[in-house]
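1. Task: produce atomic coordinates for the following.
(one chain, ligands or ions: 1)
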Amino acid sequence: MTTWHEYIQEDGTVPEWPYPIRYDKVNEITSDVLILGGGVAGCHAAISAAKNGAKTVVAERGMAKRSGAGGAGVDHWHGACTNPCSRVTPEEYTRAVFDSAHGYTSIPVRYISTREGWDTLLDCEKMGVRIRDVEDEFKGADFRDEETKLMFAYDYKNRHIIRVWGYNIKPCLYNEMKRLGVEVYNRIVITSLLTEGGKQGTKVVGATGVNTRTGEFYVFKSKATIIATGGVGRLWSFAPELTAAGSMGDLNSAGVGHAIGWNAGVEFVLMEQTGPGWMYGFGYAPYSMANTSNTYHGAPIVDANGKEVPWVDINGRQLKTVLERFLPSPGQKFQLGIGIGLYYYLKEYVLNDLVRDLPERILKGEFTLPLYADLTRLPEPERRVIFGMMVGNEGKTRIPIYDTYTKAGFDPDKDMLQAPVMLPEAYRISNFWSGMSPPYLRSSAGGGLLVDWDLRTSLEGLYAAGGASLFGGGCHGESHTTGRYTGRKAAAYARTAPEPVVGREQIKAEKARAYAPLQQSKDGIGWKEVNYAIARIMQDYCGQYKNELTLNLGLRLLRELRETELAVAYASNPHELGRLLECFSLITVGEMTMNASLARKASSVYLDFYRLDYPELDPPEWQKLLPIRLEDNKVKTRELPFDHHLKPPYAPTYEENYKRHCGL
Ligand SMILES: Cc1cc2nc3c(=O)[nH]c(=O)nc-3n(C[C@H](O)[C@H](O)[C@H](O)COP(=O)(O)OP(=O)(O)OC[C@H]3O[C@@H](n4cnc5c(N)ncnc54)[C@H](O)[C@@H]3O)c2cc1C
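-> Below is the predicted model:
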């Protein structure tokens, strides 16, 4: 294999574009169910649609075998409430998430995910994903059930989160899609939704896309379409040269699904919610340094003198044993894990953690930096399950961390992992490897496509699935499970839907828009400069604190960026064209966020949302959802109570609604 440096040294030039370029070629593909995005949600939706008899097509930005946030693996599956060992019902889990979020989450998404999550995991097991300790490696461990051989994370008493050997989960899904005859189109950047009559707010009948290798244009015609394009990165922070250490973010997550939905007139909700953002390149590779979060939950942390940092429960009571770190505290029925798209937890469900005033204790000299994770202090099964089973299966850690460290001689039975040396304040959050990022960096959090009990959006023919495309979704299990559900529902809809009729004028206009950057001035700037500019506007005008004036200025600047620099930006090959098209989407998502922020004329602790011109925190009259959409290209806002999914025309309970809609 020749390295980049060897190539340049030998050839003295950069390589030629390696694929044939055919910008003029148009491909038309017809399906019953079209899935946009082949992450775990999209792939599972495709499997489900195909099993339900639909001719199914997936259009994916990368390569569906490994693409997306779950492409490199997963080590724990949340919300498996109906597994035989669980002591938490789907109702209890949904209620806990809803109450923790103070209403700012989606009941259907959470309930469907917990009602069908275990069945979905069993499907994955049939596809070849190992979910049990079949080799009895952890026999007798506190986190293992001897009969089923299932292994649990976080809360060993209530057992609703399952540890899985998920390094191969994407290839398993991919092979299953292929076995079922799903047509997968890789390297496609989707650019727009096609609607009946080419009008905003009408039935969705397909989508358009560009192949980022050949430049060919794609017209996908479909009876039903599912958006599963994941989340929105690159909006407040952009540092592609640093992404080697930023594998929690994916450059392909550019909010395209949100933008095409918005332009088509679909309703979105909670786009105003943002959370602290990370410029990952300023931290360390995920799970490469000492921490106690997520995969490392329960790990002992010691200071430079070997003094152990205490673990405490939610009442501040010091936990004496390792086992206690994994058990609910007095007053708690069960604990919810982290990484489930929840940004605020009620005390009743919070995990045990390191002492919460660790920064102050470091400042007082009680603990001396650097800190270390001393896994030798754990019982042997706990040590092996963290640095072994979990780091060996978690997304993006199997090769870079587990394999590299092990080959370099790291032995968790003897060695300690150092934590990054940071400002004391940074030790308040226990995933130390992510470092401390500037406070003006934010990220989208929680908002997305508003769906009903069918996981259908506000437009006929259009469904949604996944962790971040959907309002209220958050984790790996939810992504699969909403995919599985929505694939079934979309297939059922397609059975009765007429053949899709696409408007030629709409396609012509979209093709002209998509290829414009190839014709523009070669003196124009490129996609990276545009992306930096978008991020700077978002940092300055749509940070944690904002007011009507800053938001309107931000909207003006985004519009001007689109009409000036972006209107003359240049793409010299299909890859750059794809990235530039994503910049248009990022601007759109920025506008959605600012418009949603203008609509919420109040501040909220639960949403980490502060309007300087409306400082009152969570006034009762503003405790509601504010869906937004475009109608005749004008922003329309309406109000929705938190429990709208339990009000007419819906039934008053989770279970009745589920039974009426699930299609089983
Ligand atoms: C490193 C890492 C570790 C994680 N570990 C866990 C864990 O252990 N447990 C857990 O519960 N969760 C975990 N998560 C979160 C979990 O992986 C995600 O919630 C889940 O994978 C989201 O799946 P998705 O299919 O909704 O979205 P994504 O995985 O983001 O998939 C979206 C897909 O759409 C494609 N796409 C985007 N734009 C376009 C476009 N314009 N055209 C066509 N295709 C497009 C993308 O290429 C991608 O393949 C982890 C995440 C990361 C990054």
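2. was I right about T481 contacting W118?
-> No: counting by Cβ atoms under 8 Å, T481 stays clear of W118, with 9.2 Å between them. Where you see a C-beta, it was placed from the backbone N, CA and C, and this is true even at glycine.
3. Tell me which of those two has more neighbours.
-> More crowded of T481 and W118, by other Cβ atoms under 10 Å: T481, with 31 against 24.
4. and the more buried one, that's in a helix?
-> Yes: T481: assigned to a helix according to DSSP: H, G, I helix; E, B strand; the rest coil.
5. when you give positions from now on, start the count at 178
-> All right, first residue 178 from here; so that's T658.
6. list the contacts for it?
-> By Cβ atoms under 8 Å, 6 or more residues apart in numbering, the residues touching T658 are 221, 256, 289-290, 293-294, 297.
7. out of these, what pair is the most spread apart?
-> Largest separation among the contacts of T658 by Cβ to Cβ: H221 and G256, giving 14.6 Å.
8. neighbours around P547, how many?
-> Neighbours of P547 using other Cβ under 10 Å come to 13.
9. got it, and Y747?
-> 18.
10. what about it, is that helix, strand or coil?
-> coil.
11. separation between it and the ligand?
-> Noted for Y747: a distance of 21 Å to the ligand, by Cβ to the nearest ligand atom, to the nearest Å.
12. how far away is that residue from S698?
-> According to Cβ to Cβ, to the nearest Å, Y747 and S698 sit 6 Å apart.
13. ditto for S208
-> As for S208, its distance to S698 is 38 Å (criterion: Cβ to Cβ).
14. more neighbours, the two?
-> Each of S208 and S698 has its neighbours counted (other Cβ under 10 Å); S208 has more, 24 against 10.
15. Near the ligand, which residues of the stretch 278-427 of the chain are found?
-> 365-367, 405-408, 424-425 (Cβ under 6 Å from any ligand atom).
16. Reformat those as TSV; add pLDDT, secondary structure and neighbour count.
-> Formatted as TSV, these follow (pLDDT from 0 to 100; DSSP: H, G, I helix; E, B strand; the rest coil; neighbours: other Cβ atoms under 10 Å):
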residue	pLDDT	secondary structure	neighbour count
I365	98	strand	27
V366	98	strand	27
I367	98	strand	27
A405	98	coil	33
T406	97	coil	34
G407	95	coil	29
G408	91	coil	25
S424	60	coil	17
M425	71	coil	18
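17. ok, back up a step: more neighbours, H221 and G256?
-> Between H221 and G256, counted using other Cβ under 10 Å, the more crowded position is G256 (34 against 31).
18. For R733, grab the count of nearby residues.
-> 12.
19. hmm, I was thinking of L823
-> L823: 16 neighbours (other Cβ under 10 Å).
20. Could you measure from it over to the ligand?
-> Here the criterion is Cβ to the nearest ligand atom. By it, L823 lies 25 Å from the ligand.
21. ok, now which ones touch that residue?
-> The contact partners of L823, by Cβ under 8 Å, 6+ apart, come to 284, 829-831, 834.
22. In helices, which of those residues fall?
-> Cross-referencing the contacts of L823 against helices under DSSP state H gives 284, 831, 834.
23. shouldn't the last one be in contact with H822?
-> Which is N834. Yes: between N834 and H822 there is a contact at 6.8 Å, judged by Cβ under 8 Å.
24. what do these two both touch?
-> 285, 630.
25. so who does F564 touch?
-> With Cβ under 8 Å, 6+ apart, F564 has these contacts: 552, 579, 589.
26. three-state assignment of it?
-> The three-state assignment at F564 reads helix, by three-state DSSP.
27. can you tell me how far it sits from D590?
-> 9 Å.
28. can you check G432 too?
-> G432 sits 45 Å away from D590, going by Cβ to Cβ.
29. Which one's more surrounded, the two?
-> More crowded of G432 and D590, by other Cβ under 10 Å: G432, with 29 against 10.
30. That one reaches T765, doesn't it?
-> Yes: using Cβ under 8 Å, G432 makes contact with T765 at a distance of 7.5 Å.
31. one step back: most surrounded residue in the contacts of L823?
-> Neighbour count (other Cβ under 10 Å) singles out Y831 as the most crowded of the contacts of L823, with 24 neighbours.
32. So which of the contacts of F564 wins on neighbours?
-> Counting neighbours by other Cβ under 10 Å, L552 leads these with 24 neighbours.
33. Could I get the average pLDDT for stretch 541-554?
-> Averaged over stretch 541-554, pLDDT sits at 98.
34. three-state assignment of the spatially closest residue to V217 that is not a sequence neighbour?
-> Leaving aside its sequence neighbours, V217 sits nearest to G247 (Cβ to Cβ, 6 or more residues apart in numbering; 4.1 Å). Following three-state DSSP, G247 is assigned to coil.
35. Count the residues that sit near G247.
-> A total of 23 residues lie near G247 under the criterion other Cβ under 10 Å.
36. just G454 next, same as before
-> Residues near G454, counting by other Cβ under 10 Å: 24.
37. Please consider this matter closed, and thank you.
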